[in-house]
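Undergrad: return atomic coordinates for the entry below.
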Amino acid sequence: MTRSFSTISALLLVALVGLVAVQGDVLDPWRGGPEPWGTAPSAERRPVLGVTTEALARNAFDAWEADDLEEVNAFEQAARSHAGIVMWFADWESTRDFDAEQAHLVAARGSRPEISWEPWDSRIPTGVPQPRYRLSTIIRGDHDALLRRWGRQIAAYGGSVRVRFAHEMNGTWYPWAERANGNRPGEFARAWRHVRRVVRAAGATNVEWVWCPVTGRVPVEMFPGREEVDVLGLSGFNGGTELFSLRWRPFPDAFGDTLTELHALAPALPVELSEISSTERGGSKARWIEDMFDEVARRPYVRSLVWFDVVKETDWRITSSPQALAAFREGLRRVRGITGER
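TA: Take a look at the predicted model:
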């Protein structure tokens, strides 16, 4: 009798705990933060989806921590797909060391670390000259101590790391652009080769180097050579009627010709849409996203896509509207040839 009463009491206690848990999930379904979205799609399903979130974008002056990856989890839940690439930013002035713990955290969730490695002080506004970070200072070795330190630290980490060094070099807003900061024609390719050589000599042969212009003319003279690059990247944003050119730029108009020229530089290399998004202002963001996936579908060399899921100058996130979110989910399923995902 006593044993039977104890058993019933225990069962009632378990049921009560379960009921409380269920109620808690109903009231707060993301209690403790959103969970990652399962495992990565099979390798043949392209593009590999990647993301930069708020905390990852601020990393240069506010290093992201483990809890900040909940933003990546939330993006995955919204996109209904695993983020196989997690990208963050690191400038040379503020992030003097490669953070192996960050890389381990990303790898542990089944994603590849990608770092936008920026030779400047990101606390200074874009467009302001930074003589300390002219391309000539890189070429003559002024920053070699930092390069060797990062090289040794990446080598010690041991896992695969993508480094997107000095992106958008064909613009005018960053101090490493050839048309800014007192730089000269031909210096970007020389600086790239110097950086890669020093980092590799320090032991970091586990780096995939991403050469990434912004949409526009592909700067052949800035390309350091097929043997110096592992991935061809491309970044670009549609600012619509509120930002940049103040006009709506459909994806095929903004990216199509540049993707063709980029691929022609080194046809054997994979292409990554390395930092992209659109505003809602001035047109249909949902249609823009549909067009993006259409272009990816007809260009098999585009192997990865990293979405800039941040509220900054505007709301760049895929959740900026129900229509944009639905278009992103459907476009990703369609280009991967998937008829149904959970």
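
Undergrad: how about P113, secondary structure?
TA: Assigned state for P113: strand (three-state reduction, DSSP: H, G, I helix; E, B strand; the rest coil).

Undergrad: what's opposite the residue nearest the centre of the chain in the beta bridge?
TA: The centroid of the chain falls nearest to M87 when counting by Cα atoms, centre = their mean (3.5 Å). Counting by DSSP bridges, M87 is bridged to E114.

Undergrad: that one contacts V48, doesn't it?
TA: No - contact criterion Cβ atoms under 8 Å: M87 and V48 do not qualify, at 11.7 Å. For the C-beta atoms, the positions are set from N, CA and C on the backbone; glycine is no exception.

Undergrad: for stretch 237-245, buried residues please.
TA: The neighbour-count check on stretch 237-245 (16 or more other Cβ atoms under 10 Å) flags F237, N238, G239, G240 as buried.

Undergrad: now the second one: closest residue in space, sequence neighbours ignored.
TA: Beyond its immediate neighbours in the sequence, the residue positioned closest to N238 (Cβ to Cβ, 6 or more residues apart in numbering) is S278, lying 3.9 Å away.

Undergrad: ok, now which ones touch the one you found?
TA: By Cβ atoms under 8 Å, 6 or more residues apart in numbering, the residues touching S278 are F237, N238, G240, F251, K285, W288, I289, W316.

Undergrad: mind checking how far the closest residue to P129 other than its chain neighbours is from Y133?
TA: Using Cβ to Cβ, 6+ apart and skipping the chain neighbours, the partner closest in space to P129 is N181 (5.0 Å). With the distance defined as Cβ to Cβ, to the nearest Å, N181 ends up 7 Å from Y133.

Undergrad: what's the answer for Y174, then?
TA: Taken as Cβ to Cβ, the span from Y174 to Y133 is 9 Å.

Undergrad: compare those two (neighbour count), which wins?
TA: Using other Cβ atoms under 10 Å as the criterion, Y174 and Y133 rank with Y133 on top: 25 against 21.

Undergrad: in helices only, show me the contacts of S278.
TA: Secondary structure from DSSP state H places F251, K285, W288, I289 of those in helices.

Undergrad: tell me, how many residues neighbour the third one?
TA: Translated: W288. W288: 23 neighbours (other Cβ under 10 Å).

Undergrad: and the residue lying closest to it once chain neighbours are set aside, what's its pLDDT?
TA: Nearest residue to W288, sequence neighbours excluded (Cβ to Cβ, 6+ apart): S278, at 4.5 Å. Per-residue pLDDT puts S278 at 98.

Undergrad: pLDDT and distance to E76 for the contacts of S278 - can I get that in a markdown table?
TA: Below are the contacts of S278 laid out as a markdown table (pLDDT from 0 to 100; distance: Cβ to Cβ, whole Å):
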| residue | pLDDT | distance to E76 |
| --- | --- | --- |
| F237 | 96 | 22 |
| N238 | 97 | 23 |
| G240 | 94 | 26 |
| F251 | 97 | 23 |
| K285 | 98 | 20 |
| W288 | 98 | 21 |
| I289 | 98 | 17 |
| W316 | 97 | 17 |
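
Undergrad: how about those, which pair is most distant?
TA: Maximum pairwise distance among the contacts of S278 (Cβ to Cβ): 14.3 Å, between F251 and W316.

Undergrad: may I see the buried residues of stretch 277-290?
TA: For stretch 277-290, by 16+ other Cβ under 10 Å, it's 277-286, 288-290.

Undergrad: rewinding a little: quick one: secondary structure of the residue nearest to P129?
TA: Taken by three-state DSSP, the conformation at N181 corresponds to coil.

Undergrad: ok, it - how many residues close by?
TA: 21.

Undergrad: hmm, back to that, between N181 and Y133, what contacts are shared?
TA: Common neighbours of N181 and Y133, using Cβ under 8 Å, 6+ apart, are P175.

Undergrad: which residues of the stretch 1-150 of the chain fall in helices?
TA: 2-27, 54-57, 70-79, 100-108, 135-139, 144-157 (DSSP state H, counting those that start in this stretch).

Undergrad: run the angle between the next helix or strand after the last one and helix 100-108 for me.
TA: Remark: after helix 144-157, the chain's next helix or strand is strand 161-165, criterion DSSP states H and E. Strand 161-165 and helix 100-108 meet at an angle of 120 degrees, taking axes from the mean of the first three to the mean of the last three Cα atoms, to 10 degrees as the criterion.

Undergrad: show me the shaky parts of the chain.
TA: Within the chain, the ranges that satisfy pLDDT under 70 run 1-32, 39-44, 338-342.

Undergrad: again, only using 50
TA: For the chain, the stretches with pLDDT under 50 are 1-31, 340-342.

Undergrad: ok, which stretches of it are strands?
TA: 48-52, 85-91, 112-118, 161-165, 207-211, 231-238, 271-278, 302-308 (DSSP state E).

Undergrad: name the residues that touch the second one?
TA: Residues external to strand 85-91 that are found in contact with it (Cβ under 8 Å, 6+ apart): 48-52, 56-60, 64, 69, 72, 98, 102, 106, 109, 111-122, 162, 164, 274-275, 304, 306.
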